[in-house]
Structures are given as C-alpha cells and as structure tokens.
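Visitor: no letters, just coordinates:
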C-alpha cells in the first residue's frame, strides 16, 4: 500500500486518481502480469476480448511508448512496471466540476497528445500521409474485405482537409509534409476531447493524490 | 441605410394590407364552415344559402322544363375538403407573411405569432356571432400530433440521446411525478383554504389537473428551441424529456381518471399503477421497434419500386402510433422507437431521392401540423367556455414555475453525482426555463369529463400554456444571449472528426478491456458487433450490408460535395475556392504517382455520375437550346458556345478535383478523352481529335461507361472493366497526340461523366 503511494507520488504529472482506483488497477496489473513486477506485450496480447478490436496493436503499443510517460524520452520499452501502467491510464481521467478552464485545456492537450503519439509511429513529430493511411486501414481492418483503395481514399481526403484548413493557400508546387501537433489540435478542436476520452471507473470525486513533479 | 429603411417602410404598408385581407378571408371562411343547415336569410352567407335554394328549386321544378344549366353552383359537394384545404392554405399564408415582414421574426417566436393570429380570428368570429371551431381532440391526437413526433423521432440525434439517457429519464419520470404531486397537492391545499367556489374540488381532481398541467410539451419545446440554436446537450435534455414524459402522463392521466370515477384509492391500485407505467412505456417501445424492423425489412426489397419507398416509412410509423394507441400504450414512445430503429437501415437501402423525399415530407407535414395546432389553440381559447377564477389561475401559474425550478434543481443535484460532464447552473436554468406547456395539455384537459370543474381547469390550463409559450418563449432568446449559453456549433462534420470518433470508440473499448472493466463502451461495442453480424444482413439489401460506417460516411460526404458543386455550378456562378490546396500538395512526389481510384461502390458511382451528367447536360442544353431541333448548325456560333461550355466544364472539373479526392494529377499517358452526352434526341460523340466532325450528330453504337485511364483497367479488375478496356483500345487509336488539348480538359476521374448505359438508368 505505502509503496504504491510513494510510487505514485514520484509520478511526473499529478495523478488525481483516488487510492481505491489505484488499488483496483494494481489488482488488475497483478492479474495481467501473473504476479510479476512488469508486463510485456504478450501479456496484453493475451487478453481475449481485445481480439475483436481493430486497433489492438496500436493500443498495446501505446502502453510501451516512452513518449506517453511524460519524461521527454522517445522510443519504446520492452516491459513496463505498474508506475508506467498507471501513467498511461491517467490519460483517461475525466474532468470534474472543480477543474478550471486552464486545467481543462491542459487535459485536452494531454489527451490529444496521446492520440497523436498513437498515430505518429515514426516518432518524428508529424503524421505523414503514409502513417495516416495506416491508421485508416487499421480502423477498417475488422470490417471485412474493403481493400486498400478505400482506406487510401479516405486517408487522402482527411489529409486534404487538414491541409486546407490549416494552410489555406499553397502553391501547386508546395508539399504538405505532415500533420503537426498544432494542426492536429486545430482539426479536432470541435470534439472536446476532455469530455469524451475517459473511462468511467476512473471517475473521481475526491482527488486524494496530488503530487507535483518529481525532482529525482 | 436610409434607402433601405424607406424601402422597408414602403413595403410594410402593402404587406400589412395583404395580411388584413387574408385575415378577413380567413374569418369569412371560418364562419362559413360553421354553418349549420338552417334556414337563414343573411345575405353574406350567400354561397351556402344559394346551394340550398338551388337544390330546392331543382326538385320543385321537375314539373317545368328548365333550360339546360350551362353554369351551376354546387358547393355542398366539395364543402368539407374545400374548407379543410382553405384553412390549411390560409394558415400557411399567415406563416409566410410572418417571414416576409422584416424584423418581427427576431423578436417574437413564430408560435406566439400564430397563437396571436388564432386569437384574432377567434375574436372576429365571435364578434360576428358565429361559433368558432374548437381544437377537436381526435383531430389533434390522430392527425396533427403524429407528424411532428415522427419528424422529431426520425431525426433524433442518437449519440447525444443515448449518452444522456439516464439524465433524460430521471427528468422525464421523476421530474414529472414530482411536478404532478406538488402542483396537485398544493392546489388542493389552496382550494381548501380558499373555500367558496373552490371548496368542492376533491383531491383526485386536483391530482388529475396536476398531471395535465405538469407535462412538458414536445411541440412547444420544438417550436421555441428550434429558433434559438442552443447547444446540443441542453436541446436534447429538454426535448428528450418532453418526449419521454408522455408515458408518465398517459399512465397518470388514465390512473387518476379511473380513480375519480371509482372514488377511492387503495395500495393495490398504486402498485398496479407502477406496473402499468412499465407496461405502457416498454410496450410502446416494443410496438414501435417491431414496426421499425418491419419497415426496415420492407425497404430491403424496394430497389425496383423506388417511388413508393417514402410511403413505407410513413405508413409503418403511423401504424406503430395507432397500434400503440389501441392498447393505451404510449403512442409517442412507439413512434420514436419506430423512427429510431428504422432509420439506419432504411437510409442504407433507399435511393438518394427517396431519402430527400422522406426528409422533406416529414419536415413539411410537421410544419403544417405545428402551424395548425397553434392557430387552433388561439381560436379555441376564444371559443371555449371559460370559468375564470383569479385565485385558481394565478396559483396554478405560480406553482408551475416554482415546482419546475425546484424539481430541476433538486434532480440535478442528484444527477450530477453520476454524470461526468456536470450540469452547471446556467444549464439548470435553461432546462427549467425551457419547460413549456402546449397543446397536449390543452387536449387532455378537453378530454376531461367532469364538467363542473372542467371549465375552470381548462381556463387555468390555457393560461399556463399562454404564459409559458408567450412569455417564456419570447424571453428565452434574449436570456440565452445574456447568459452567454453555448450555442450549437455550426460546423459540419468533417471526415477527420468521424475517423477520430470511431478511433476513440475502439480505443476506449480496448482500454476498458485491458482494465477488465465492462463499462459503457464495452456494451456499445458488443451491440455494434451484433448489429453488424446479424441484423444488418437481414435488413440491408445487397452489398451495403457489409459497408463499414466510415465508408458510408465518406460516400455520403462525397455525394454531398458533388451535389453542392453541381448546384453552384449550374447557376453559372462558380464558387470561390476556399483553399488552393489540392491533392498534389499532399501526395509525395515520385515516379509512381499512380492515381488512387476510390473504390466507391458501383451504384454510388452511378448516382454521382448521374448527378454530374445531368448538370453538365443542363448547361449544355442551355447553351444549345436554340439549336436543339436544327440539323444545320451554325459552325461559328457553335464554336463559340462550345468553347465557352468547355471552359466552364474545365472550371467545374478543377473545382471537383479539389473536393473529390481523386487527384488532378498530370497523367503520364493522355487519357482517352471521350465524353458522351445523351440528350433526349441525340448522342453526341465529342471527340477532340475530330473537331469539324465533332459537331454533327453521330449516334454512338455503345456509349462508353466512363472515361478510363490506362491504369484503371489493371487496378480494377473486379469492375466491369473488360468491356471498357476493349472500348478504350478502339478509341485510343483515334485520339491523336493533342497534349495541350488534353491537359486543358483534365477529366481525371471516371465519375464526371458520360453516357449512361440503358440498364443502369434505374433509380
């Protein structure tokens, strides 16, 4: 118990998740990892209900992505401990009545960043056309034999939309390198991510753990 | 500015004059319709009198030989439909008038204006001494209400509705119960205290009264909220509540009505009442769902009789409503369930034109109904027997407001404990203020059988309705602006948002699975998969049953863009391009710049092609209309118009290349430039290479399917490209190396085009 508290206190960002939630998550972590300290990709792969999910690979990858740990590192790990697991889960907390406007903005940025990292598999800070095509392809992968062409067309249309919204005037010879994070934010402004991207059982009434940045 | 004002003022007078004339005509017809068969010598009742006189004369004059009547007058024959049509026509002309008169629209909501007109008409009729028509309950519940509810239910935004379902149910059920008992109880207390005329009111009648007056009315809510464009959440909360509280109202109304006759209430009766509530609501939904599935199943087979498709939607829904009413189930919930269940499958099955027809017919009928309801409400107010009791009425109005506010605040406090996105004070205020009462309350009041209290109740109900619709309806708009409540975001759905909404759904489902938590998303995902695996196969025709949602969305958008382009292009005023970004800015440069052909399904392609072709044809015909029947074509004239036409088409295609995703790339090989237009009389073979020959009418043996490119046949083996490829080969031989000409006419997609195959021209 105490170890969890200290572990969470050393987290990089303030995780306003209650003690009870952390306990539940830890239990789940234990079950997933067969009571070991860390989990690897194959542990998450073996969850049966994930098999129906078209973006299963991307979701699992997101857990092992170092960029989601808010420590300015890139690349991916092979195994993660409970602390990292918790950090990824904290992206899915909802706003409460007491969240101020700035905090809501920050939360939205954080969630959009998570999505962005999921798309940007090349780690270069932009989502290129190839990467976006892959996203759409994966989305449609469980929906029957649609074929590459449809996915490509949709991804192209989407990319065109991003480009024309953000950079309205381009010469015929200019080239739009890829979707940057700012453009990504702009295009998804209407979705209000902070009110959509949450898991219910992380709903918090009493934020009991508010830790600042770790200095170590 | 001054000129504008002057112009307005000058047009104002004739308009008001027109309105007055309309009113007078309205009144005279209304009074004529009230005409009872009686001997009456008043001259202005001429028409009716004449007919009777005529028939009298005719029966009397069989003895004498009359001259053959060249022109005769027989009004009785068409009387009923004539009057109904005239009522509706005049009501709609009123509505039209309101929109023409400038300035009025922004201050007063339309519903108030219509009630005002009704009052005026009723007043004039009464002044003349006639008996005004009253809002017949049967007419209201069977004919006027269903179209409005169907329109609302069919276009109900499902996502926000299901997301807020808990909140809506709490407001609808618990809120209405609270209102009923609070108002009923307090009224009874007041009556007891007042004494006098009110002393004879018994508690059950008060509760019955409370039921009638406490239900939020969907018609009024729709009428007012439509105009203020409030944000989606609040709109769906108030509107959803007004729809779902019908079940509660029905149960309570019948319950209390039974009890007033029986006299006493036992605990068993109360329990039965609760059971009845569940039966009424769930039964209603079940009936609606059954009819919805039937309707969806029927629409699967309508591919050969497209014209009657909309009728199935309307009839099945109406039957659902009537069937529910037979069993005293909640007709409104049945109608909503039917629309909601039917819609996704029907939309996948019907043709585009049927979809438009359904949409516009629903909107049209609901608009007519709404107009008629409000006018009748005004007329009935003047007509009905009134028993005005100051205390009773004032107390009722005050209590309605108070109980609504208390109810909303109390319930929100509880609801917020369970909601993620909490309801703020502003939201609560709008929800409370938006609880309008309307014609349903009036009709239910009219159905009351206890006549001594009925008049007093009816007066109070009408006062409440007027107060909510007029006072609250008029002031809600400035209040919304004052409180800076979030308005509806106008932006259309973009494909990025759609992609990410779906992505998010899957992501959250996955995270829930990882946490081992079976939440909201998990069950939604299960339902979707069940839907896709079993239901869609049965209810959707053909290949559309396996089409994933993203693809249908994408197709829909492409279609919309094409239509938009066509509409703007046909007025010969091409729209300014919003951005100069086109596909070539996105695609990576490189040798392998193959054209990605979207594999939109064949039928979709046909539809888009048809639309574009029709437009191009229209433009072409407009240019050539003077010479449609000429065989000798003036070559000079022809060249000019052809060039103009061609330039216009080029512009349009350039536009299209921005919106549709097929890129306007430079082609490696010159495409086959064969455009084939089939007007009614001739088939033009438009061949660039053969300019002098091109103008003469040359019947084309087999109109080609599309302009195809060389790459296409290799990439799309599954489409009927063999036929096309063959054709290409023979055509390619004819096309010379006119690179410049080709570049100008960049017909780079297979959509924008040509002659239909006779078989395809079905829908």
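Guide: Noted; the coordinates are in hand. Since the structure is predicted, the reported quantities are computational estimates derived from the model, not experimental observations.
Visitor: before we move on, what SS does the nearest residue to residue B:463 once chain neighbours are set aside have?
Guide: Closest residue to residue B:463 apart from its sequence neighbours, by Cβ to Cβ, 6 or more residues apart in numbering or on different chains: residue B:393 at 4.9 Å. Where you see a C-beta, it was placed from the backbone N, CA and C, and this is true even at glycine. The assignment at residue B:393 comes out as helix when based on DSSP: H, G, I helix; E, B strand; the rest coil.
Visitor: contacting residues around residue B:393?
Guide: B:459-460, B:463 (Cβ atoms under 8 Å, 6 or more residues apart in numbering or on different chains).
Visitor: of those residues, which is the most crowded?
Guide: Among those, the one with the most neighbours (other Cβ atoms under 10 Å in any protein chain shown) is residue B:460, at 25 neighbours.
Visitor: residues of the host helix or strand of that one that come out buried?
Guide: Residue B:460 belongs to helix B:451-466 when assigned by DSSP states H and E. Residues B:453-466 are the ones in helix B:451-466 that count as buried (16 or more other Cβ atoms under 10 Å in any protein chain shown).
Visitor: now the helices for the stretch 151-300 of chain B?
Guide: B:158-163, B:165-169, B:176-194, B:203-214, B:218-228, B:232-262, B:267-299 (DSSP state H, counting those that start in this stretch).
Visitor: packing partners of the helix holding residue B:460?
Guide: Judged by 3 or more Cβ pairs under 8 Å, 6 or more residues apart in numbering or on different chains; DSSP states H and E, helix B:451-466 is in contact with helix B:203-214, helix B:352-383, helix B:390-415, helix B:439-446.
Visitor: 6 Å - rerun?
Guide: If contacts are counted by 3 or more Cβ pairs under 6 Å, 6 or more residues apart in numbering or on different chains; DSSP states H and E, helix B:451-466 sits against helix B:203-214, helix B:390-415, helix B:439-446.
Visitor: of those helices, which is nearest residue B:171?
Guide: Closest to residue B:171 of the helices and strands packed on helix B:451-466 is helix B:390-415 (Cβ to Cβ; 6.2 Å).
Visitor: now do the closest one against helix B:232-262, angle only.
Guide: For helix B:390-415 against helix B:232-262, the angle by axes from the mean of the first three to the mean of the last three Cα atoms, to 10 degrees is 130 degrees.
Visitor: which element follows helix B:390-415 toward the C-terminus?
Guide: Once the chain leaves helix B:390-415, the next helix or strand it forms, by DSSP H and E, is helix B:425-433.
Visitor: residue B:162: neighbour count?
Guide: Counted with other Cβ under 10 Å, residues neighbouring residue B:162 total 15.
Visitor: so residue B:300 is in contact with residue B:541, correct?
Guide: Yes. Taking contacts as Cβ atoms under 6 Å, residue B:300 lies within contact range of residue B:541: 4.4 Å.
Visitor: any regions of chain B where pLDDT drops low?
Guide: When residues are selected by pLDDT under 70, those of chain B lie in B:1-64, B:132, B:196-199, B:263-264, B:450-451, B:490-492, B:543-546, B:568-609, B:611-763.
Visitor: in the helix or strand just after the helix holding residue B:460, what's buried?
Guide: Using DSSP H and E, the next helix or strand after helix B:451-466 towards the C-terminus is helix B:473-483. Buried residues in helix B:473-483, counted by 16+ other Cβ under 10 Å: B:473-474, B:476-477, B:480.
Visitor: what angle separates helix B:473-483 from helix B:451-466?
Guide: Taking the same axes, to 10 degrees, one finds that helix B:473-483 is oriented at 40 degrees with respect to helix B:451-466.
Visitor: what does the helix or strand just after helix B:473-483 contact?
Guide: Proceeding N to C from helix B:473-483, the next assigned helix or strand is helix B:495-515, under DSSP H and E. Helix B:495-515 has contacts (Cβ atoms under 6 Å, 6 or more residues apart in numbering or on different chains) with A:28, A:47, A:49-50, A:53-55, A:59, A:92, A:157-158, A:161, A:187-188, A:191, A:199, B:519, B:521-522, B:525, B:553.
Visitor: do the same with stretch B:188-206
Guide: B:184, B:187, B:256, B:259-260, B:391, B:395, B:453.
Visitor: same thing but at 10 Å, please
Guide: B:183-187, B:207-210, B:255-265, B:387, B:389, B:391-392, B:394-396, B:399, B:448, B:450, B:452-454, B:456-457 (Cβ atoms under 10 Å, 6 or more residues apart in numbering or on different chains).
Visitor: buried members of those into PyMOL, please.
Guide: To isolate the buried members of the contacts of stretch B:188-206 in PyMOL, using 16+ other Cβ under 10 Å:
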select buried, chain B and resi 183+184+185+186+187+207+208+209+210+255+256+257+259+260+265+387+389+392+395+396+399+448+453+454+456+457
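Visitor: pick the most buried one from the helices and strands packed on helix B:451-466.
Guide: helix B:203-214 (a mean of 25; mean count of other Cβ atoms under 10 Å in any protein chain shown).
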